[in-house]
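Asker: fold the following.
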Amino acid sequence: MMNLSYNHPLRRSLIKQLIFIDENRLDLVDMYLAATPIKDKDYNFFGRYILEVEKFLREFDYSFSQKLETVFIGSEVTLYYVEENQLDQYTICFPEQSNPDSKCISLFSPIGRQIILKGINELIRLTTPNGEANVIIKDIEFKQYC
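Answerer: This next block holds a predicted model:
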């Protein structure tokens, strides 16, 4: 019997991401390193990202909803700003798809690079050009199908 999960749009989209990362890894690493402060650089970021996506794909179930436990590229993330008691949503994307007016932010943006690969209900001390804020990841939903 055919496993329908192989044809699921989320699965297909994540596989396309892995192929895109593989084909553009040097440029993506250069962009990541240029956008990331020295103290925050993770020289194995894409290696870790690929491992997390591959793990997710191995455990993928066709009945799976669009809700995720981990922030991947293509995720719409709801952040709760603790001090302001306010919610905000961002969709994490590749740089060329970035559109801040529609809350699509690059994975290399100050917020994007700090929440990528983080988990649901995780508390993060977010540092942006506007200052620091404590945020909790309240919801992660896959939105961006390529």
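Asker: so what's the residue nearest to A35 when sequence neighbours are not counted up against?
Answerer: Among residues not flanking A35 along the chain, F108 sits closest, at 3.9 Å (C-beta to C-beta, 6 or more residues apart in numbering). All C-beta atoms are positioned from the backbone trio N, CA, C, and that covers glycine. Counting by C-beta atoms under 8 Å, 6 or more residues apart in numbering, F108 touches 31-32, 35-36, 95.
Asker: ok, now with 10 Å
Answerer: 28, 31-36, 92, 94-95, 98, 116 (C-beta atoms under 10 Å, 6 or more residues apart in numbering).
Asker: swap in M31?
Answerer: Per C-beta under 10 Å, 6+ apart, neighbours of M31: 24, 94-95, 106-108.
Asker: hang on, the earlier thing: tell me the spacing between the residue nearest to A35 and A133.
Answerer: 19 Å (C-beta to C-beta, to the nearest Å).
Asker: leaving out sequence neighbours, find the closest residue to the residue nearest the centre of the chain.
Answerer: Nearest to the mean C-alpha position of the chain, by C-alpha atoms, centre = their mean, lies F72 at 3.1 Å. Nearest residue to F72, sequence neighbours excluded (C-beta to C-beta, 6+ apart): V53, at 6.3 Å.
Asker: run through the neighbouring helices and strands of the longest strand seen in the chain.
Answerer: Ranked by residue count and defined by DSSP state E, the top strand of the chain is strand 131-142. For strand 131-142, the elements it packs on are helix 9-23, strand 75-81, strand 86-93, helix 110-115, strand 123-128, judged by 3 or more C-beta pairs under 10 Å, 6 or more residues apart in numbering; DSSP states H and E.
Asker: how about those in a markdown table, adding mean neighbour count?
Answerer: Formatted as a markdown table, these follow (neighbours: other C-beta atoms under 10 Å):
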| stretch | mean neighbour count |
| --- | --- |
| helix 9-23 | 15 |
| strand 75-81 | 20 |
| strand 86-93 | 18 |
| helix 110-115 | 21 |
| strand 123-128 | 13 |
